[in-house]
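Could you work out the structure for the sequence below:
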Amino acid sequence: MAYYWVKLHLDILDNHRLMQLPAHIFKRYISFLLLAREHNREGLLDTVPNLAWRLCTTDKDILKALQILAELGIMAETPEGWLMVDFVSRQAAATTYERVRKARERKLASQEDETNRYINSYEDDKNEKTAVVKAVTFPSTSASAAASFSDSFDSISISDSISDSGSGSDPESDPDPISRSRPGSEGEPRRRKARSKPKHP
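Model (predicted):
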């Protein structure tokens, strides 16, 4: 059976020793993984000369990479050749139980994401409505603007009352406030004009 793909597990990112390898050695590890799947002998690699020819390098470079990976427990030298450890178990198809479990986990994660999106949307709508209500109820820009308007109104009222008290006009003490308010009277009592008697012939 011919294979066109290979599993690359995410736990490689958590393998501290593997991720600290030099770049060209890590590249050789990925190449060995692909060649082991292509060779299709349960993780057993081809001979070193064939590997060197396929990867366009030397036998020395291949042996160096194999030995470094063997120190990490990834490769092992056997009488039949170099073998990738745990290749079969890590490349095996998932069981029905594992597939069902993973499908349930994906479904649960999707439901949680949908619930979170609904809650966030509800909170956004609530905050927007609250802002609109505040803008309609309190049309002024802020409480400080209302306070400054109140202070200015009080200062105007005080200045008007001071000017009225300094003029010296008291409505209770003034005997004729109406005559004082007329221009030209200057507080003098109103005098009646004498009527001229008609002349008899």
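
residue contacts, Q91?
Q91 makes contact with 6-7, 37, according to Cβ atoms under 8 Å, 6 or more residues apart in numbering. Using the backbone N, CA and C atoms, a C-beta is placed for each residue, glycine as well.

Give me the subset of these that lies in helices.
R37 (DSSP state H).

Just the buried ones from the contacts of Q91?
Buried members of the contacts of Q91, counted by 16 or more other Cβ atoms under 10 Å: R37.

Include pLDDT and distance to K126 when you put the contacts of Q91 into JSON lines, please.
What follows is the contacts of Q91, written out as JSON lines (pLDDT from 0 to 100; distance: Cβ to Cβ, whole Å):
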{"residue": "V6", "pLDDT": "86", "distance to K126": "50"}
{"residue": "K7", "pLDDT": "86", "distance to K126": "47"}
{"residue": "R37", "pLDDT": "90", "distance to K126": "55"}
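
can you list the contacts of Q91 in a markdown table and add distance to H24?
Formatted as a markdown table, those follow (distance: Cβ to Cβ, whole Å):
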| residue | distance to H24 |
| --- | --- |
| V6 | 20 |
| K7 | 23 |
| R37 | 21 |
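
ok, of the contacts of Q91, which one's closest to E77?
Using Cβ to Cβ, the shortest approach to E77 within the contacts of Q91 belongs to R37, at 19.7 Å.

I'd say that closest one and A2 touch.
No. Contact criterion Cβ atoms under 8 Å: R37 and A2 do not qualify, at 9.9 Å.

which residues in the chain form strands?
Along the chain, the stretches classed as strands by DSSP state E are 75-78, 81-84.

which of those is buried the deepest?
strand 81-84 (a mean of 20; mean count of other Cβ atoms under 10 Å).

and it, what other elements does it pack with?
Strand 81-84 sits against helix 23-39, strand 75-78, with contacts defined as 3 or more Cβ pairs under 8 Å, 6 or more residues apart in numbering; DSSP states H and E.

Check which residues of stretch 24-33 are buried.
25-26, 28-29, 31-33.

Next, count neighbours for L18.
Neighbourhood size, L18 [other Cβ atoms under 10 Å]: 17.

Tell me who's in contact with it.
12, 26, 29, 72, 74.

if you set the cut-off to 10 Å instead, what comes out?
Neighbouring residues of L18 by Cβ atoms under 10 Å, 6 or more residues apart in numbering: 11-12, 25-26, 29, 69, 72-74.

Kindly state the pLDDT recorded for it?
Per-residue confidence at L18 stands at 88 (pLDDT).

next one: R195
60.

Next: L66.
Taking L66 on its own, its pLDDT is 95.

related to what we said a few turns ago, which one of the helices and strands packed on strand 81-84 lies closest to E105?
Among these, the nearest to E105 by Cβ to Cβ is helix 23-39 (26.3 Å).

Give me the helices and strands touching the closest one, please.
Helix 23-39 sits against helix 16-19, helix 48-54, helix 59-71, strand 75-78, strand 81-84, helix 87-91, with contacts defined as 3 or more Cβ pairs under 10 Å, 6 or more residues apart in numbering; DSSP states H and E.

Thank you, goodbye.
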